[in-house]
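Undergrad: Following is a predicted model, sequence given first.
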Amino acid sequence: MRPQRHSDPEQRFRWPVQTVRHKLVVLMALLVGAIALFMYLYFPARLEQQAVQTMGARAASVAEMSAYTLGPALDFDRVDEVEEALQAALQFDDVLYAYVQTADGAFVGSFLRDSSATAPIIALGASDGVGPYRQLYHVRRPIRWRGQTLGRRYMGFSLRPIHEALARSRWMLALMSLTVFAVGVAAAYGISVYLTRPLARIVHAADRIAEGDLTQRAGVLSDDEVGRLAASFDAMVDSLESAYEALRASEARFRAVIEHTTDIIVLVDADGGLRYLSPAVQDVLGYAPDELAGTSGFDYVHPEDHAFLRRGLRIAAARPGSTLTAEARWRHRDGSWHYLAYRGKNLLTLPGVESILITVRDVTESKQAEQELVVAKEQAEEVVRLKNAFLANMSHEIRTPLTGILGFAQVLSSEVEDRQREWVELIEQSGQRLLDTLNSVLDLAQLEAQSVELDRHVLDVGREVQDVVALLRPLVPARVELRVEAPPSPVFAELDRSALHRVLNNLVGNALKFTEAGRVCVAVSAEDGRVALRVRDTGIGIAPDFIPHLFDEFKQESSGLDRTHEGNGLGLAITKQLTELMGGTIAVESLQGVGSVFTVSFPQAPAPARTDAPALPPPAAEAVEAALAMPPAGASVLVVDDNAETRRLLADLLGAHFAIETAANSREASAAVRRRRYDAVLMDINLGVGSLDGIATMHDLRRRPAYREVPIIALTACAMPGDEQRFREAGFDDYLSKPFKRQQLLHLLRRRLPAARSL
């Protein structure tokens, strides 16, 4: 900061002392003058006072002694003795007068050195002290004799000798005072020059620095306070020079950033007036910065964007430090409209800025890309919709004939002889492989599209394992033992039942496929807040180098011409993805020639108030076989399906165990339920052209009082992920996808028909 200078002539005239040196000289001169004046005034007065005090003591002593000698003379009225005593005062050269006054006021005798003493005698009072005009000292003493006061003795002493001596002293003191003043002023000047020379150098350096010369330094070398001040001053200038260089470099960087940034830097006032625009505005909008400065930004904003942009600016201007974020269209110099993104900060209260700082970016290309992305997203969604529709149609079209192939193969296997039964079993196995491949491809497609929606419920994991294993027992090879190890009390986890069953089917199915003889065990346990499912087998095991690829898609340990086991390589990949979707983990341990252990772990859940598990425990394989021989007495089932082969298949599969009637569409189903009440209904979803679908037909049945509690089961080729949940939410009591196994269908009916028989 530059030092302030008194440039006003009147101000210089009123206060001519401008430097420390001058001020120091003046102050010291005033101090010395005050000391000299004090000496001149104080010491003569003090000498006079001391001389008068001495005179008083002497006068009092003389008067007392004289009064003592006059006592006998007054007592005996010897006037001549009184006169003699008064004449004795002549021995004192400074006695001006002496007289005696009796007690009754009469003057007995007097002595006057000259006539000039008459006036003081008359004017003096009765007490001791200096007389008028300070010319004499008056003393009064009583004359006592034999205990009586006979009169008073008055004497006056001249002060002229004192005055003369004091006059000589005053001249000497005046000369001394003048000498002291002169010497003091000279010394003050010399001291001020000595003391202020370093300060003058500092001031000179400061003046040059204020003019911009940062190379100046005070250069004072001393150990006193001034030297330390000069050193601090030089250090401060060093810091200032460094800071100035840093500031200049920072300013250069800032200017370079502002001038070369691709974003526009704008300063606007509270009303949108453009105060400053960076050079980038030329590249972005085609205008020179000076061309826009001083105009209103709203002159270039698209009319449709005026309102919200003004509102945002008004809100930001009312709140210091607030930010503004917006997008608006600006008119380019060529007349086209560009999308600009704004981000501003209210700096109206910041000194030196006092504007709203806004950075502006041209987002026209990103807007166009965004619009293209929207179109692409819509197209992708359409592709996904078409793909899902294709997959659903393909699934339906393949499952429907597979239902006939696998179903009639099951019927034939129980009616033909051994040689033909082997062929039928081969047909059934091939159809099952085709079904497994179809299910795996569809599941993988849904998982990759992230369109699988889980329907989670708190499940008794041990019961679900028993249920899955019961359905898999018919597939167990003759030399393999399949068993379940579950804790005596239930363990719960929040899982999707269909996904859990698929995981168990894949793991147990793999264990059975790769175990020609031995044991497969499914163990359930609760460990450290997690539910663990372990599938152990004594099969061929897995090579260590293949374990890292075990969960990859379409990867199999045996492939090509050396392939030893059938499969599509998708089961474990799907198992892993389903497990992780449910919040679980999967791990494997294996030793070739000894066996493998797959461990699936899920977070344990607290026991629910009621579970979604079936009321009855799942039947074992023996119970299913018993159900074939001992169907529920009197149970009747209505089959509603538009496919004639499926209706015939269900009639053949269930005809020996239930009273079966069939309907091809919703109209036939409505007519059938009007004729009688059935214990259960198996309902297809797609019931052909001109008919209500299975969901609408189910709702039509539910509106009939007799069918509000009758189990209605969705038996359909709609087996995409999420279909089961959709149909259950629609109101179906249960769900079974096509194609199905006879054991699955009998198991499902056995679970549902006891409730029907209790009606």
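TA: Received, thanks.
Undergrad: Determine the set of other helices and strands touching the helix or strand hosting Glu291.
TA: According to DSSP states H and E, Glu291 maps onto helix 289-292. Counting contacts by 3 or more CB pairs under 8 Å, 6 or more residues apart in numbering; DSSP states H and E, helix 289-292 packs against strand 274-277, helix 280-285. All C-beta spots, glycine's among them, are computed from the backbone N, C-alpha and C.
Undergrad: Make a markdown table from these and add mean neighbour count to it.
TA: Output for the helices and strands packed on helix 289-292, formatted as a markdown table (neighbours: other CB atoms under 10 Å):
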| stretch | mean neighbour count |
| --- | --- |
| strand 274-277 | 19 |
| helix 280-285 | 18 |
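Undergrad: So Ala730 sits against Ile695, correct?
TA: Yes - contact criterion CB atoms under 8 Å: Ala730 and Ile695 qualify, at 5.0 Å.
Undergrad: Of the two, give the one with the bigger neighbour count.
TA: Per other CB atoms under 10 Å, whichever of Ala730 and Ile695 has more neighbours is Ile695, with 17 against 14.
Undergrad: residues contacting that one?
TA: Residues near Ile695 by CB atoms under 8 Å, 6 or more residues apart in numbering: 685, 727, 730-731.
Undergrad: Which two of those residues have the greatest separation?
TA: Largest separation among these by CB to CB: Ile685 and Gly731, giving 12.6 Å.
Undergrad: Neighbour count: these two, which is higher?
TA: When Ile685 and Gly731 are compared for neighbours, Ile685 comes out ahead with 23 against 13, by other CB under 10 Å.
Undergrad: related to what we said a few turns ago, for Val491, state which of the contacts of Ile695 is nearest.
TA: Within those, the smallest distance to Val491 is 28.7 Å, found for Phe727 (CB to CB).
Undergrad: Give me the three-state assignment for the closest one.
TA: Using DSSP: H, G, I helix; E, B strand; the rest coil, the structure places Phe727 in helix.
Undergrad: Quick check, it in contact with Tyr735.
TA: Yes - applying CB under 8 Å as the test, Phe727 and Tyr735 come out as touching, 5.4 Å apart.
Undergrad: Helices of the stretch 251-400 of the chain, start to end?
TA: Along the stretch 251-400 of the chain, counting by DSSP state H, counting those that start in this stretch, helices occupy 280-285, 289-292, 306-318, 364-413.
Undergrad: Kindly reformat those helices as CSV containing mean pLDDT and distance to Val26.
TA: Listed next are the helices of the stretch 251-400 of the chain as CSV, based on pLDDT from 0 to 100; distance: least, CB to CB, whole Å:
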stretch, mean pLDDT, distance to Val26
helix 280-285, 85, 62
helix 289-292, 86, 57
helix 306-318, 84, 57
helix 364-413, 75, 75
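Undergrad: Comparing those, which comes out most buried?
TA: Neighbour counts (mean count of other CB atoms under 10 Å) averaged over each of those peak at helix 280-285, with a mean of 18.
Undergrad: Return that helix as PDB; C-alpha atoms alone will do.
TA: C-alpha atoms of helix 280-285 as PDB (Å, rounded to 0.1, in the frame of the first residue of the first chain):
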ATOM      1  CA  ALA A 280     -14.700 -18.400 -25.900                       C
ATOM      2  CA  VAL A 281     -18.000 -16.700 -26.700                       C
ATOM      3  CA  GLN A 282     -16.600 -16.100 -30.200                       C
ATOM      4  CA  ASP A 283     -16.100 -19.800 -30.800                       C
ATOM      5  CA  VAL A 284     -19.300 -20.900 -29.200                       C
ATOM      6  CA  LEU A 285     -21.800 -18.300 -30.400                       C
END
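Undergrad: Use 47 as the first number for this chain going forward.
TA: Shifting the count to begin at 47 puts that one at helix 326-331.
Undergrad: Which elements pack onto it?
TA: Packed against helix 326-331, as judged by 3+ CB pairs under 8 Å, 6+ apart, are the following elements: strand 310-314, helix 335-338, strand 383-393.
Undergrad: if we go to 7 Å?
TA: strand 310-314 (3 or more CB pairs under 7 Å, 6 or more residues apart in numbering; DSSP states H and E).
Undergrad: Enumerate the sheet neighbours of the strand it packs on, specifying parallel or antiparallel for every one.
TA: Strand pairing for strand 310-314, determined by DSSP bridges: strand 320-323 (antiparallel), strand 401-408 (antiparallel).
Undergrad: The contacts of Ile741 in helices, which ones?
TA: When DSSP state H is applied, the contacts of Ile741 are split such that 773, 776 fall in helices.
Undergrad: rewinding a little: including distance to Trp217, could the helices and strands packed on helix 335-338 go into TSV?
TA: Formatted as TSV, these follow (distance: least, CB to CB, whole Å):
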stretch	distance to Trp217
strand 320-323	81
helix 326-331	91
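Undergrad: Thr114 is in what secondary structure piece?
TA: Let me fix one detail, which is that residue 114 is Tyr and not Thr. helix 66-121.
Undergrad: So what's the gap between that helix and the chain middle?
TA: Here helix 66-121 is found 85 Å from its chain centre; the criterion is CA atoms, centre = their mean, to the nearest Å.
Undergrad: what's the following helix or strand after it?
TA: Downstream of helix 66-121, the next assigned helix or strand under DSSP H and E is helix 125-133.
Undergrad: who does the next helix or strand after that next one pair up with?
TA: Using DSSP H and E, the next helix or strand after helix 125-133 towards the C-terminus is strand 141-148. Applying DSSP bridges, strand 141-148 is found paired with strand 153-158 (antiparallel), strand 194-204 (antiparallel).
Undergrad: List the buried residues for strand 141-148?
TA: 141-147 (16 or more other CB atoms under 10 Å).
Undergrad: Likewise for stretch 505-524?
TA: 505-518, 522.
Undergrad: Bridged to Gly202, which residues?
TA: Here Gly202, judged by DSSP bridges, has bridge partners Tyr143, His184.
Undergrad: Can you get me a residue count around it?
TA: 25.
Undergrad: ok, now how distant is it from Leu93?
TA: 22 Å (CB to CB, to the nearest Å).
Undergrad: residue contacts, Leu87?
TA: Not one residue lies near Leu87 by CB atoms under 7 Å, 6 or more residues apart in numbering.
Undergrad: switch to 10 Å and redo it
TA: 216, 219, 223 (CB atoms under 10 Å, 6 or more residues apart in numbering).
Undergrad: repeat for Leu738
TA: Contacts of Leu738 by CB under 10 Å, 6+ apart are 711-713, 715-716, 744-746.
Undergrad: A strand includes it, no?
TA: No - under three-state DSSP, Leu738 sits outside any strand and is assigned coil.
Undergrad: any idea which of the contacts of Leu738 is the one closest to Ser368?
TA: Nearest member of the contacts of Leu738 to Ser368, counting by CB to CB, is His745, at 56.7 Å.
Undergrad: Wait, the closest one touches Ala776, no?
TA: Yes - contact status for His745 versus Ala776: in contact at 8.0 Å, counting by CB atoms under 10 Å.
Undergrad: what is in contact with the two at once?
TA: Joint contacts of His745 and Ala776 (CB under 10 Å, 6+ apart) do not exist.
Undergrad: hmm, back to that, same drill for Phe773 and Tyr781, tell me which one is more crowded.
TA: In terms of neighbours (other CB under 10 Å), Phe773 is the more surrounded of Phe773 and Tyr781; the figures are 22 against 19.
Undergrad: so what pLDDT did that one get?
TA: At Phe773, the model reports a pLDDT of 93.
Undergrad: Quick check: it vs Ser412, distance?
TA: 44 Å.
Undergrad: can you check Arg198 too?
TA: From Arg198 over to Ser412 (counting by CB to CB), the distance is 127 Å.
Undergrad: Hmm, Glu373 and Asp408 touching each other?
TA: No - Asp408 is beyond contact range of Glu373, at 11.0 Å (criterion: CB under 10 Å).
Undergrad: list the buried ones in stretch 105-123?
TA: In stretch 105-123, residues buried by neighbour count (16+ other CB under 10 Å) are 105-106, 108-109, 112-113, 116-117, 119-120.
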